[in-house]
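S.K.: My questions concern the predicted model and sequence given below.
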Amino acid sequence: MGSGHVIVAAEALGKNGVLRAVFAAGQGGSGQLGLGGTPEFIERFVEVEALRGEKLKGLHAAGWSTWVIVGKGT
């Protein structure tokens, strides 16, 4: 969680392999949600489409920033 925002990584085993997604909600005025643009506030979790299917190595939200480290592999 950052200052007024939260980002969540989800991973599940599906019929066609591992499914991965990242979701964000909260204040986005500094672009910290990764949704494109600077939405004032997102009330419900929205998928960060740019990270769909990515294998995450790290995820951190603090202040008005969010960092996501992606890696290769399945």
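M.R.: Perfect, thanks for sending it.
S.K.: name the element the residue most central in space within the chain belongs to?
M.R.: Residue closest to the average C-alpha location in the chain (C-alpha atoms, centre = their mean): Val22, at 3.8 Å. For Val22, the enclosing helix or strand under DSSP states H and E is strand 17-27.
S.K.: helix or strand right after that strand?
M.R.: Immediately after strand 17-27, counting by DSSP H and E, sits strand 41-47.
S.K.: So which residues make contact with that next one?
M.R.: With contact meaning C-beta atoms under 8 Å, 6 or more residues apart in numbering, strand 41-47 is reached by 8, 21-28, 33, 35. Where C-beta positions appear, they are placed from N, C-alpha and C, glycine not excepted.
S.K.: and it, how far out from the chain's middle?
M.R.: Centre-to-centre, strand 41-47 and its host chain are 11 Å apart (C-alpha atoms, centre = their mean, to the nearest Å).
S.K.: what is the mean pLDDT for it?
M.R.: Averaged over strand 41-47, pLDDT sits at 97.
S.K.: Next, the angle from it to strand 17-27.
M.R.: 180 degrees (axes from the mean of the first three to the mean of the last three C-alpha atoms, to 10 degrees).
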